[in-house]
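Asks: Structure, please.
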Amino acid sequence: VQLQASGGGLVQAGGSLGLSCAASGRSLSSYDMGWFRQAPGMGREFVAAISGTGSSTYIDSVKGRFTISRDNAKNTVYLQMNSLKPEDTAVYYCTVKNTLTGWYDTWGQGTQVTVSS
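Replies: Numbers count the residues shown, from 1 in each chain. This is a model prediction of the structure:
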């Protein structure tokens with residue numbers, strides 16, 4: 001499977017951006033999918049995930065501001081980011097969970113999100 005993320009960019013604090021991640025190669029409708037991010041000099045951290053049935057989880061720092069969703073017909077997962085803060089600046093990666101290992105081990109190429117103060 002291949003994951004293609006898009007939608008990053010430069011936005012002022014308080015603004016919004018929407019990320020998309022299109023999967024190809026096989027249907028991911030029953031798989032957990034997620035978004036991680038990596039800020040400069042930092043490790044990659046979990047942001048949000050959505051199960052095949054649509055239940056979602058978020059890191060505390062984005063709860064109430066970010067929304068993860070999916071369109072199984074389009075094999076695509078989304079991350080709507082509102083009320084962005086400078087600390088949200090990072091490269092955002094979409095990923096799919098390996099059902100055998102339980103690990104997120106397939107990654108898209110990443111898309112840069114920069115929030116200016």
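Asks: Just read off the phi/psi values of residue 62.
Replies: Main-chain torsions, residue 62, degrees, to the nearest 10: phi -110, psi 0.
Asks: Can you report how many residues neighbour the closest residue to it other than its chain neighbours?
Replies: Distances taken as Cβ to Cβ, 6 or more residues apart in numbering place residue 47 nearest to residue 62, at 6.1 Å, with adjacent residues excluded. (Each C-beta comes from the backbone N, C-alpha and C, glycine too.) Neighbours of residue 47 under the rule other Cβ atoms under 10 Å: 24.
Asks: And residue 47, how far from residue 39?
Replies: Between residue 47 and residue 39 the computed distance is 11 Å (Cβ to Cβ, to the nearest Å).
Asks: where does the chain have its least confident helix or strand?
Replies: strand 104-107 (a mean of 92; mean pLDDT, DSSP states H and E).
Asks: quick one on the thing from earlier: what residues are up against the residue nearest to residue 62?
Replies: For residue 47, the contacting residues are 34, 35, 36, 37, 58, 59, 62, 66, 79, 92, by Cβ atoms under 8 Å, 6 or more residues apart in numbering.
Asks: hang on, the third one is in a strand, isn't it?
Replies: Yes: using DSSP: H, G, I helix; E, B strand; the rest coil, the secondary structure at residue 36 is a strand.
Asks: Having no further points to raise, I will conclude here.
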